[in-house]
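In: when you get a sec, could you give me coordinates for this:
(one chain, ligands or ions: 1)
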Amino acid sequence: MQLFTLFGYPVTHSISPRLHNAVMQGLGIDGCYIRTPIEHPQTLLPTFRKLDLSGANVTVPHKEVAFAHCDEVRGIAKEIGAVNTLIKEGTRIIGYNTDAEGFYAAIKSFGHLRNALILGAGGTAKAIAMILKAHHVDVTILNRSASRLDFFEKLGFTCKTWETFTPSSYELIINTTSAGLKDESYPCEEALLNLLFEKAHYAFDVIYNQQTPFLRLAQAHHLTYKDGKEMLLYQGVLAFHLFFAQQYDLKTIESLMRPVFEL
Ligand SMILES: NC(=O)c1ccc[n+]([C@@H]2O[C@H](COP(=O)([O-])OP(=O)(O)OC[C@H]3O[C@@H](n4cnc5c(N)ncnc54)[C@H](OP(=O)(O)O)[C@@H]3O)[C@@H](O)[C@H]2O)c1
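Out: Residues are numbered from 1 along each chain as shown. Model (predicted):
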């Protein structure tokens, strides 16, 4: 039997085991996907080897550690500096980032974009900024503080803090902060968000399965908007695709994974 897991801390809330187990069951694969809480980052890769895993996903707060310690990093993960998928290839552990491609698949229906504003500057913002850049979208980063903007500045992104920002026109506004996850707060001042939404066409919130204040305001402005559910779905589809050396096609994986969200 092949074993897969989700590494993170905490991991109790995650839907990933249900997503991956449903697909393995549907395809008749002898495999199991579990959760493994990792408190100390240095134990992540040794635990991968000790459990003799075929693959794993990595979530908060270990994506950077996974990036630093796997044997090889492939694809856009190299630019993001964070890994959310680990695959065993012989004796080596290979790292990938499917959050970025997952996000891009989720916004495909928005069509071609010229520019976007990302609210927040954490790990998720990095993945989203890099994939948008790869698709020639002009990206501006707006963060509460300056502390995390270095990464983006070095790569040539326009970076602003709440103090230095002058609102302009952006087609897509993306919330990558956790504002609104457990409270009723906006990721920036409500008045500023009103200004931005007046000129925007699309809004995206990485928070999933809930209508955040950010998305409610986007709806009030009649924008086309999405929460993070599809991003989560597609990062899972792409991870599964990698887990099994791309032998199952993406559409089949998606068709088996998607119903889990409706349960
Ligand atoms: N849908 C999906 O598939 C998916 C995938 C990955 C992550 N996520 C979600 O993405 C969210 C962010 O994750 P992350 O790992 O990027 O987090 P992170 O690395 O901790 O980054 C958080 C960022 O948000 C800002 N921030 C936090 N609280 C804020 C608030 N109340 N108001 C304004 N800014 C605030 C921080 O600003 P400072 O720098 O000033 O502190 C920081 O830039 C989480 O909710 C996570 O669940 C969703």
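In: next up, the contacts around the residue nearest in space to the middle of the chain.
Out: Of all residues in the chain, the one closest to the mean position by Cα atoms, centre = their mean is Asp99, 3.5 Å from it. Asp99 sits next to Ala82, Asn84, Thr124, Ala127, Ile128, Met231, Gln235 when contact means Cβ atoms under 8 Å, 6 or more residues apart in numbering. (Each C-beta comes from the backbone N, C-alpha and C, glycine too.)
In: now do 7 Å
Out: Asn84, Thr124, Ala127, Gln235 (Cβ atoms under 7 Å, 6 or more residues apart in numbering).
In: ok, and what's touching the helix ranked longest in the chain?
Out: For the chain, the helix with the greatest residue count under DSSP state H is helix 229-243. Residues from elsewhere that reach helix 229-243 (Cβ under 7 Å, 6+ apart): 4, 16, 19-20, 23, 54-55, 57, 84-85, 87, 96, 98-99, 101-103, 105-106, 206, 208-209, 248, 250, 253-254, 257-258, 261.
In: from those residues, which are also near the ligand?
Out: Asp99, Gly102, Val206, Tyr208 (Cβ under 6 Å from any ligand atom).
In: now that we have those residues, can you turn them into CSV and tack on secondary structure and pLDDT?
Out: Below are these laid out as CSV (DSSP: H, G, I helix; E, B strand; the rest coil; pLDDT from 0 to 100):
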residue, secondary structure, pLDDT
Asp99, helix, 97
Gly102, helix, 98
Val206, coil, 97
Tyr208, coil, 90
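In: among the residues you listed, who's most crowded?
Out: Within these, Asp99 tops the neighbour count with 32 neighbours, counted by other Cβ atoms under 10 Å.
In: could you report the separation of that residue from Ile118?
Out: Using Cβ to Cβ, to the nearest Å, Asp99 is found at 13 Å from Ile118.
In: mind listing the strands for the stretch 151-263 of the chain?
Out: Secondary structure of the stretch 151-263 of the chain (DSSP state E, counting those that start in this stretch): strands located at 158-161, 172-175, 202-205, 224-226.
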